[in-house]
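In: generate a structure from the sequence data that follows.
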Amino acid sequence: MSITRKRKKELRKLQDQATTLWESQQVLLGQAGDIAREAGRQLGNYNREQVVPGVQHTYEKYAAPYVDQGVKTSKKLYNEKIVPAAGAVIGSAMSVWDAANEKRGDLAAGRGFTSLDVGKYQKKAEKYGKKAAKQLQVSTAAPKKKRGAGSVIAIILGIAAGAGVLYAAWQTLRADDELWVADDPLRAPDA
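Out: Numbers count the residues shown, from 1 in each chain. Modelled structure (predicted):
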């Protein structure tokens, strides 16, 4: 079965319209992609310039004092309540360990069971407890801020740049007779 010329012409016309539509859609999609990229870039700029500073300001104004107070309170509670209790437990455990080792040594030496010197082990428990508590404590002082290598290099580069600007200004403004050019070198001097 064959297609008539009229149908072929209509099909070619329809195919041309479809191709034109496809090309225009591709151009339209390309332009939409460009607009979307630019919108994303502008949104990033707006976020960086407007949103982030506002959020930081609000955090510093409202939340930061409570967070700092909470951290200080937690450190204080930890250092004043938990650390001494943990130190006492560790000290007691260490003194019991020492007592057990001493009794094991006495039994191995053939001295048998003798009475324990409780005062001696209490002192050891206190000593071990203080040592453990000292190691467990959290510093409540603010950490010291130190200058890093980057800030030192930046300061040196800033000083060098400032010296370069001052030297250029001095060279520009100094009055050197050798640097001046006569207005009209061909004219004879006035007598």
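In: show me the helices in the chain, by range?
Out: Per DSSP state H, the chain carries helices over the ranges 5-46, 52-58, 64-77, 83-109, 118-136, 149-173.
In: any chance of the ones you listed in JSON lines, plus mean pLDDT?
Out: Putting the helices of the chain into JSON lines (pLDDT from 0 to 100) gives the following:
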{"stretch": "helix 5-46", "mean pLDDT": "91"}
{"stretch": "helix 52-58", "mean pLDDT": "87"}
{"stretch": "helix 64-77", "mean pLDDT": "85"}
{"stretch": "helix 83-109", "mean pLDDT": "82"}
{"stretch": "helix 118-136", "mean pLDDT": "80"}
{"stretch": "helix 149-173", "mean pLDDT": "79"}
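In: make TSV from these and add mean neighbour count to it.
Out: From N, CA and C alone the C-beta is placed, and that goes for glycine too. Shown next, in TSV, are the helices of the chain (neighbours: other C-beta atoms under 10 Å):
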stretch	mean neighbour count
helix 5-46	10
helix 52-58	11
helix 64-77	11
helix 83-109	14
helix 118-136	15
helix 149-173	10
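In: list the residues that contact the closest residue to Lys130 other than its chain neighbours.
Out: Residue nearest to Lys130 in three dimensions, not counting chain neighbours: Gly87, with 6.6 Å by C-beta to C-beta, 6 or more residues apart in numbering. If you count contacts by C-beta atoms under 8 Å, 6 or more residues apart in numbering, Gly87 has them with Tyr128, Gly129, Lys130, Lys131, Ala132, Ala133, Lys134, Leu136.
In: no more questions from me, cheers.
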